[in-house]
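Q: I'd like to go over a predicted model; first the sequence, then the structure.
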Amino acid sequence: MTTVTAEKYHGTENDFLVVAADAPVADRAAFARTHCDRETGVGGERTGADGVLFLDLDPTASPVRVTMTLVQPDGSVAEMCGNGARVTATWAARETGASEVVIGTPAGDRHAVVQGEGVTVEMGQPSFDPADVPLARDAGEPLLDTPVEGLSVTAVNTGVPHAVAFVDDVDAVDLSTVAPPVRHAAVFPEGANVTLASRVAVDDDAVEGAPGDPTAYRQRTYERGVEGETLACGTGGVAVVAAAKRTGRLDTEGPVRVSPPGGDLVIVVPNDGPATLTGPVEREFATDLEVPA
Ligand SMILES: N[C@H](CCC[C@H](N)C(=O)O)C(=O)O
């Protein structure tokens, strides 16, 4: 039996295993399917995980560079993951002592800064361009507040595709029933993560919303690759703010609090230029895990 060392982390309860990229895991999909299983997978605060981050660290680069490959519970590889990037930056900072990290992802390089338990990741510029989301060829125009399989959806790529629906109360929606038809809709040839958002009044001044009109959002996301709801999704949080701005619901370049069930994220979406995602990361433990034959 071969085992490899893995570390369990979470970013606002989005759970990940971290494994060194040179660990002898020949079948990464099988490894992820086995250990991410929410009933029989790795232990911890929550059994299982939302993916395995295979990390390839170059400590000699300046800043330190780490190539991140996220293998999801269904064995697929995601191009980008905001909370996974925060975990990756924290892991690299622990390994090297550096506070600045460049994360190489299939969606491009992402700069990250680790300060105590808070990590800020540069998330690239959200795109509504049909070719970028991507949308099916015949879609033509960006998808903005458009009905798709029962939800009114705005489609945006924040490293991965999100279908964002603004609703009165995210908790009043049966996400596990409503999301799958949207996630698989023909308009999304590569699928989409389905993100619900509802606007809430800011009850404290911890995060400044739009000046004179303080806003924050609650968020729930059904993730492609997990094929279920996760307790937080960083690309989804950025998608909420980007979509709110694009559809005229929000007009700010300042920080906006977005709260998935697992905690609070702070998102900045400038009118032009890369968005940022800030939030806490926690390391649970290290363990040895079996490599499936
Ligand atoms: N949880 C991740 C998103 C993973 C993306 C993945 N589910 C996909 O697009 O296939 C995040 O924090 O951004």
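A: Here it is on my side, so go on.
Q: near the ligand, anything from the helix ranked longest in the chain?
A: Longest helix in the chain by number of residues (criterion: DSSP state H): helix 82-96. Yes - for helix 82-96 and the ligand, the contact criterion (C-beta under 6 Å from any ligand atom) is met by Gly82, Asn83, Gly84. (Glycine included, C-beta is placed from N, CA and C.)
Q: please, where are all the strands along the stretch 51-200 of the chain?
A: 52-58, 64-71, 77-78, 100-105, 108-115, 118-122, 146-148, 151-157, 161-166, 193-201 (DSSP state E, counting those that start in this stretch).
Q: could you list the paired strands of the shortest one along with their orientation?
A: This points to strand 77-78. Strand 77-78 has the following strand partners under DSSP bridges: strand 64-71 (antiparallel).
Q: could you list the buried residues of stretch 8-22?
A: Buried residues in stretch 8-22, defined by neighbour count with 16 or more other C-beta atoms under 10 Å: 8-20.
Q: same check on stretch 83-96?
A: Neighbour-count burial for stretch 83-96 flags Asn83, Gly84, Ala85, Arg86, Val87, Thr88, Ala89, Thr90, Trp91, Ala92, Ala93, Thr96 (criterion: 16+ other C-beta under 10 Å).
Q: hmm, who's touching it?
A: 7, 9-12, 14, 16, 18, 51, 53, 55, 57, 59, 64, 66, 68, 70, 78, 98-99, 101, 103, 105, 110, 112-114, 119, 121, 123, 232-234, 277, 279, 281, 283 (C-beta atoms under 8 Å, 6 or more residues apart in numbering).
Q: now, among the residues of helix 82-96 next to the ligand, which is nearest to Asp171?
A: Closest approach to Asp171 among the residues of helix 82-96 next to the ligand (C-beta to C-beta): Asn83, at 20.9 Å.
Q: quick check: bridge partners of Glu100?
A: Residues in a beta bridge with Glu100, per DSSP bridges, are Val113.
Q: okay, the residues of helix 82-96 next to the ligand in JSON lines with distance to Thr40 next?
A: Compiled in JSON lines, the residues of helix 82-96 next to the ligand are given as follows (distance: C-beta to C-beta, whole Å):
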{"residue": "Gly82", "distance to Thr40": "27"}
{"residue": "Asn83", "distance to Thr40": "23"}
{"residue": "Gly84", "distance to Thr40": "22"}
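Q: how many neighbours does Thr40 have?
A: Thr40 has 10 neighbouring residues, counting by other C-beta atoms under 10 Å.
Q: cool, and the one 5 residues further on?
A: By the criterion of other C-beta under 10 Å, Glu45 has 11 neighbours.
Q: ok so it is a helix residue?
A: No - secondary structure assignment (DSSP: H, G, I helix; E, B strand; the rest coil) places Glu45 in coil, not in a helix.
Q: contacts only, for it.
A: Taking C-beta under 8 Å, 6+ apart as the test, what Glu45 contacts is His10, Glu13, Asp15, Glu284.
Q: what is the nearest of those residues to the ligand?
A: Asp15 (9.8 Å; C-beta to the nearest ligand atom).
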